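>>> can't give you the sequence, but here's the structure:
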DNA sequence: TCAATTTGCATAGTTTGCTATTTAACAGTA
DNA sequence: TACTGTTAAATAGCAAACTATGCAAATTGA
């Protein structure tokens, strides 16, 4: 072998592992919430609306780390699926107030349980200390990556 | 507050953080490899083919943690983009041999550098020990999640 | 006041993931 | 040999991410 740089071991690449992990979490959550009639992409919006119902799309975008266009499409599917309604804003003709339906409220507790179960299963192999390390390292890396580049 | 279980803090959820992180890695890699004329989804297949050119789709699927249909589509785009060719298999009329083009070979070193730079930037805030913990914890969790559920 | 700019949301178009299904070729067996 | 079952790859259809662009309402400022 001429040069070590000629190799790239994806099993040692943080990016490769993170991607892999994200798809496993996605799949695990998808299975668990399927009976509730929701899909993983709707989860973040639901979490935020369960805490604070009746926001505009703009307010949601600010809190959920996704692009405006992504959220607009997800909200359209959620409306189609009967999870939210969108009514006109009282003072701003461009904005719309997003409100959860009864159906969305009804699945709240089960959805929390599904998410917690997915996390619990994933981390079940780790010690308490390792869990803390894992979470805190991820937060550090996210901050770093959001910072500059 | 009636009940602690009524809350779900996504900033403390491993799944939420992992998802976030994966999209940041994806974006970082995308920016860096854009000048090379490739996209992140093609990366895994390229890595494997750079090591072992001339495999069938089935062989690639076994090594890359993605579904057969996903790979088939990605390979179609790679063919369209002039990164691979697909020739008939000498003994099996169903299979096709996937081979890298000159164009794909030419960007190899720059692609490795781009991936390494993305990882390096991401982990730059971590100590050597933390990096090792991060990688080894991710491997543990992946093994756990792949295992059963 | 009214033209220009900004802003909130929607839409277009692409990639990449998934599941499910189809197609064609292979392999084994009656 | 003809039938049956299996297997490799392609295709259909959906979700969800992104960038870029469009549109109409709101705001600004000359």
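Right, received. Where do you want to start? Just so you know, these numbers come straight off a predicted model, no measurement behind them.

>>> now the residue nearest the centre of chain A: how far from residue B:81?
In chain A, the centroid-proximal residue (Cα atoms, centre = their mean) is residue A:44; its distance is 4.5 Å. With the distance defined as Cβ to Cβ, to the nearest Å, residue A:44 ends up 33 Å from residue B:81. Using the backbone N, CA and C atoms, a C-beta is placed for each residue, glycine as well.

>>> what sits against the residue nearest to the centre of chain A?
By Cβ atoms under 8 Å, 6 or more residues apart in numbering or on different chains, the contact set of residue A:44 is A:64, A:66, B:10, B:16.

>>> and if you look at residue A:95?
A:56, A:57, A:58, A:89.

>>> Dump the residues you listed to a markdown table, plus neighbour count.
A markdown table is the format used below for the contacts of residue A:95 (neighbours: other Cβ atoms under 10 Å in any protein chain shown):
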| residue | neighbour count |
| --- | --- |
| A:56 | 16 |
| A:57 | 18 |
| A:58 | 13 |
| A:89 | 12 |
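
>>> now, which of those sits nearest residue A:117?
residue A:57 (29.9 Å; Cβ to Cβ).

>>> pretty sure that closest one is touching residue A:68, no?
Yes - using Cβ atoms under 8 Å, residue A:57 is in contact with residue A:68, at 7.2 Å.

>>> where in chain A is pLDDT low?
A:1-6, A:148-149 (pLDDT under 70).

>>> residue ranges of the helices in it, please?
A:14-33, A:43-51, A:57-63, A:68-80, A:102-106, A:108-123, A:128-147 (DSSP state H).

>>> Among those helices, which comes closest to residue B:33?
If we rank these by Cβ to Cβ, the stretch that ends up nearest is helix A:14-33, at 11.6 Å.

>>> any bit of the closest one sitting next to DNA strand D?
No - Helix A:14-33 stays clear of DNA strand D (Cβ under 7 Å from any atom of the strand), getting no nearer than 7.7 Å.

>>> Pull the distance from that helix to the chain's centre.
11 Å (Cα atoms, centre = their mean, to the nearest Å).

>>> buried residues in that helix?
Buried residues in helix A:14-33, defined by neighbour count with 16 or more other Cβ atoms under 10 Å in any protein chain shown: A:14-26, A:28-30, A:32-33.

>>> Give me the subset of the residues you listed that also touch chain B.
A:14-26, A:28-29 (Cβ under 8 Å from any Cβ of the partner chain).

>>> any idea which of the residues you listed is the one closest to DNA strand C?
DNA strand C lies nearest to residue A:23 out of these, by Cβ to the nearest atom of the strand, at 5.2 Å.

>>> Quick one: residues contacting that closest one.
B:22, B:65.

>>> For it, give its distance to DNA strand D.
12 Å (Cβ to the nearest atom of the strand, to the nearest Å).

>>> Next: residue A:130.
Taking Cβ to the nearest atom of the strand, one finds residue A:130 at 26 Å from DNA strand D.

>>> and what of residue A:99?
For residue A:99 relative to DNA strand D (Cβ to the nearest atom of the strand), the value is 19 Å.

>>> Kindly report the same for residue A:44.
7 Å.

>>> Next: residue A:31.
Taken as Cβ to the nearest atom of the strand, the span from residue A:31 to DNA strand D is 13 Å.
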